[in-house]
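**Q** Structure, please.
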Amino acid sequence: MPRINLSDVPDTGFDPIPPGDYTVEMLTFERKTSKSGNPYLNCEYVVLTGEYAGRKLFDMISLTEAAAWKIKAWCKAADWPRNLIIDTDNDVQLRQIFLGIEILVRVKTEKQEGYDPRARIDRFLPPKEKQEPKTAPSPDMEKPPVDDDDEILF
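**A** Predicted coordinates for the structure are as follows:
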């Protein structure tokens, strides 16, 4: 192992990023199942701009009808059509919808007894301007189906 002079290493610590609005991009997600048997996505984001660029945030998005409001808020922040139909069992479609898209989020500090404070995504914010996906979906990904109604169906 190489020698490391600790006096050359900056003191960055693991303090959570402060509350505020941040432009982020979801880097990856992992499909998981809760103890109660409900499917969810364990999501990893990176802050793209400002003093905290490069810092990570983590969030969970439930894939149940009861939590469809959160998926709808995410899609609104990403400026996806409101009549998008999402197949939550289709990881290819979920990657196309969630990954590589810049969105604006509001972060709050969560304090829980017995744990260190942590930054938590409190809400997804509507875009200030219409934005385009950072990277175009690859040709092998299907377009998300669109319905004529103004709602997200599951």
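**Q** tell me, what residue is most central in this structure?
**A** Met26 (4.5 Å; CA atoms, centre = their mean).
**Q** how would you label that residue: helix, strand or coil?
**A** Of the three states, Met26 takes strand according to DSSP: H, G, I helix; E, B strand; the rest coil.
**Q** looking at it, it is touching Ile97, isn't it?
**A** No - counting by CB atoms under 8 Å, Met26 does not reach Ile97; the two are 9.6 Å apart. C-betas here are computed from N, CA, C, even on glycine.
**Q** helices or strands up against the lengthiest helix in the chain?
**A** The longest helix of the chain (DSSP state H) is helix 68-77. Applying 3 or more CB pairs under 8 Å, 6 or more residues apart in numbering; DSSP states H and E, one finds that helix 68-77 contacts strand 56-62, strand 102-110, strand 118-125.
**Q** Tell me which of those lies nearest to Val47.
**A** Using CB to CB as the measure, strand 56-62 is the one of the helices and strands packed on helix 68-77 that comes nearest Val47, at 6.8 Å.
**Q** Phe14 - how many residues pack around it?
**A** 6 (other CB atoms under 10 Å).
**Q** That one: what's it in contact with?
**A** Contact analysis of Phe14 by CB atoms under 8 Å, 6 or more residues apart in numbering lists Asp116.
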